[in-house]
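Peer 1: generate a structure from the sequence data that follows.
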Amino acid sequence: MTIYQHSDSNKRKTWLLLAGFFVFIIIVGYVFAFAMEEPGILYGAVIFSILSSFISYWWSDKIVLAMSGAHLVVHDSNRELFHIVENLCIASGLPQPKIYLIEDSAPNAFATGRNPEHAVIVVTSGLLEKLDRVELEGVIAHELSHIGNRDILLATIVTVLVGVVVLLADWFRRFSLFGNRRSNDRENGQLALIITVVAIVFSILAPLFAYLMQFSISRKREFLADADGALLTRYPEGLARALEKISADSEPLEAANRATAHLYFSSPFKEDSGRRVSWFTKMFMTHPPVEERIKALRNLGK
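Peer 2: As a prediction, this is how the structure comes out:
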C-alpha cells in the first residue's frame, strides 16, 4: 500500500468511525432509556452523538493539546528544531506544521490535527535535550509520516470518542444506582430487569472494547510510520537509535494519560515498554514492542 492509498484508507476509516460512533451512541441511548424508562435519554443521546462527532472532527486537536499542556513554539526560540521540521517538510512535500512544546524531561513526541494543512507536531523538552540531531530528525520524520498518512485525524478522533464512551459508561453506572422502576407489572418488570442488567454489563464492556479499538489502531500505524520516516531521512539507524534512547529512559511522561498515550512516538508509560509480548499483553499495548520496531528498521538497510 502506497502513502496515498494509506491516506485514502484512513479518510474512509475516519468517516466510518464517526458514523459507527453515531450509531453506537444511539444504541446505547436506547438501551439506557428502556432500562430506566426515560425516553428523554434516547433524544439526548442523538443530540449528544451529533455534537460529539462534530466537535471531534473540528476541535479534537485543540482538545488534545489542552490535555497535554503543550504551548506554541516560535521560530526564534528554537531555530534548529524549526529548520529540521522545515527541511523534512520540503523533502516530503508536506506543508510545515505548527510546533508545540511540552515542558517535560521525558523524551517523546506526537502529531495531531485534522489534515496536513492544520497539523501540529508536539515535542517534549526532554526529547530536545536527550537526542542528537540525527535521532531528532528520525522522530520528526516519523511524526510527519503520520501527518502524510492521515493517521493524525483518525488517532485524535479516537482519543476524543473513547473518552466520551468512558464518560457515558461511568455516568450510567452511577445513575443506575439511584434509578427507580415505575412499572408494577410482573412480566414487564422481569423484562425491565433483564434490560437493566444488560445495560449495566454493556456500560462495563463498552469502554473495554473502545480501548481495544484505540490500541489496535495505534499499533498498526506505528510500523508504517517508522518505515516511511526512515525512507524520508534515508537513515533508518537514526530512528532506531532514537527508539532505543527513548525506551531506555526511565522517566514517565507526566503530561500523558490513557486517553492520549497512543498518540505518542513511544509509549509514555514505562510499564508498556514491551518486555512482555504475549498475545494477550499486546492487546492492551498502545504501541508495538520496541524491539520489534527496531528490528524492522534495521532490516530496512539490509
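Peer 1: in what helix or strand does Ala111 lie?
Peer 2: Using DSSP states H and E, Ala111 maps to strand 109-112.
Peer 1: who are the packing partners of that strand?
Peer 2: helix 40-68, strand 120-124, helix 133-148, helix 151-176 (3 or more CB pairs under 8 Å, 6 or more residues apart in numbering; DSSP states H and E). Every C-beta, even on glycine, is put in place using the N, C-alpha and C of the backbone.
Peer 1: so which of these is the most packed in?
Peer 2: Comparing the helices and strands packed on strand 109-112 by mean neighbour count (mean count of other CB atoms under 10 Å), strand 120-124 ranks first with a mean of 26.
Peer 1: got the angle between it and helix 133-148?
Peer 2: 150 degrees (axes from the mean of the first three to the mean of the last three CA atoms, to 10 degrees).
Peer 1: what's the angle between strand 120-124 and helix 40-68?
Peer 2: 60 degrees.
Peer 1: buried set for whatever helix or strand comes next after strand 120-124?
Peer 2: Later in the chain than strand 120-124, the nearest helix or strand by DSSP H and E is helix 125-130. Neighbour-count burial for helix 125-130 flags Gly126, Leu127, Leu128, Lys130 (criterion: 16 or more other CB atoms under 10 Å).
Peer 1: now stretch 236-249
Peer 2: Quick answer for stretch 236-249 (16+ other CB under 10 Å): Pro236, Glu237, Gly238, Leu239, Ala240, Arg241, Ala242, Leu243, Lys245, Ile246, Ser247, Asp249.
Peer 1: closest to Ile90 among the residues you listed?
Peer 2: Nearest to Ile90 among those is Gly238, at 17.9 Å by CB to CB.
Peer 1: measure that closest one to Gly138 for me?
Peer 2: Relative to Gly138, Gly238 is positioned 4 Å away (CB to CB, to the nearest Å).
Peer 1: picking up where we left off before, run through who's touching the strand holding Ala111.
Peer 2: Outside strand 109-112, the residues within contact range by CB atoms under 8 Å, 6 or more residues apart in numbering are 60-61, 64-65, 97, 119-124, 127, 139-140, 143-144, 146-147, 151-152, 155-156, 260, 263-265.
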